[in-house]
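Student: Could you work out the structure for the sequence below:
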Amino acid sequence: QVQLVESGGGLVQAGGSLRLSCAKSGRTFSRYAMGWFRQAPGKEREFVAAISWSGGSMDYADSVKGRFTISRDNAKNTVHLQMNSLKPEDTAVYYCAATSSVGVNSVAYEYDYWGQGTQVTVSS
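Tutor: Residues are numbered from 1 along each chain as shown. Here you go, the predicted structure:
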């Protein structure tokens, strides 16, 4: 069994920064590729960023490239999402997810485990 717990969400002004963290417990963390997704009210869940199990490969949605950075610390069983230059359209519930698939994965249904989500609100 794998449990994922997100933290670090909150309210920030446009142009500001937040750092989300996801703590994983259960099976060996380094065997899972990790991803961040988000869901805004009335919209479908969308891919934000993903990182391979080794941390050597990353992928980002076009909407966040150059602003967000995903990283992981396998020794601490955590994955982070550094979000800079935040925009009001980044407002959403952000979810951490884990997948046993190889490489980086931007497809939500490929992920096996999900956290409960953390709210990010960016005011204009």
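
Student: now the end-to-end length of stretch 36-49.
Tutor: 5 Å (Cα to Cα, to the nearest Å).

Student: Equivalent analysis for stretch 57-73, please.
Tutor: 14 Å.

Student: if you average pLDDT over that stretch, what comes out?
Tutor: In this model, stretch 57-73 has a mean pLDDT of 97.

Student: List the buried residues in it.
Tutor: 59-61, 64, 68-70, 72 (16 or more other Cβ atoms under 10 Å). For glycine as for every other residue, the C-beta is placed from the backbone atoms N, C-alpha and C.

Student: Pick out the residue nearest the middle of this protein.
Tutor: To find the centre residue of the chain, average its C-alpha atoms and take the closest one (Cα atoms, centre = their mean): that gives residue 36, at 2.3 Å.

Student: And the helix or strand containing that one, what does it pack against?
Tutor: Element membership for residue 36, per DSSP states H and E: strand 33-39. Using 3 or more Cβ pairs under 8 Å, 6 or more residues apart in numbering; DSSP states H and E as the contact criterion, the neighbours of strand 33-39 among helices and strands are strand 18-26, strand 46-51, strand 68-73, strand 78-83, strand 92-99.

Student: can I get those in TSV with distance to residue 113?
Tutor: What follows is those, written out as TSV (distance: least, Cβ to Cβ, whole Å):
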stretch	distance to residue 113
strand 18-26	8
strand 46-51	14
strand 68-73	15
strand 78-83	12
strand 92-99	4
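
Student: Format the buried residues of stretch 57-73 as CSV; extra columns: distance to residue 99.
Tutor: What follows is the buried residues of stretch 57-73, written out as CSV (distance: Cβ to Cβ, whole Å):
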residue, distance to residue 99
59, 12
60, 16
61, 16
64, 19
68, 19
69, 20
70, 14
72, 13
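
Student: among those, which two are most distant?
Tutor: For the buried residues of stretch 57-73, the maximum inter-member distance is 17.9 Å, found between 61 and 72 (Cβ to Cβ).

Student: is it true that residue 68 touches residue 86?
Tutor: No - counting by Cβ atoms under 8 Å, no contact exists between residue 68 and residue 86, whose distance comes to 9.2 Å.
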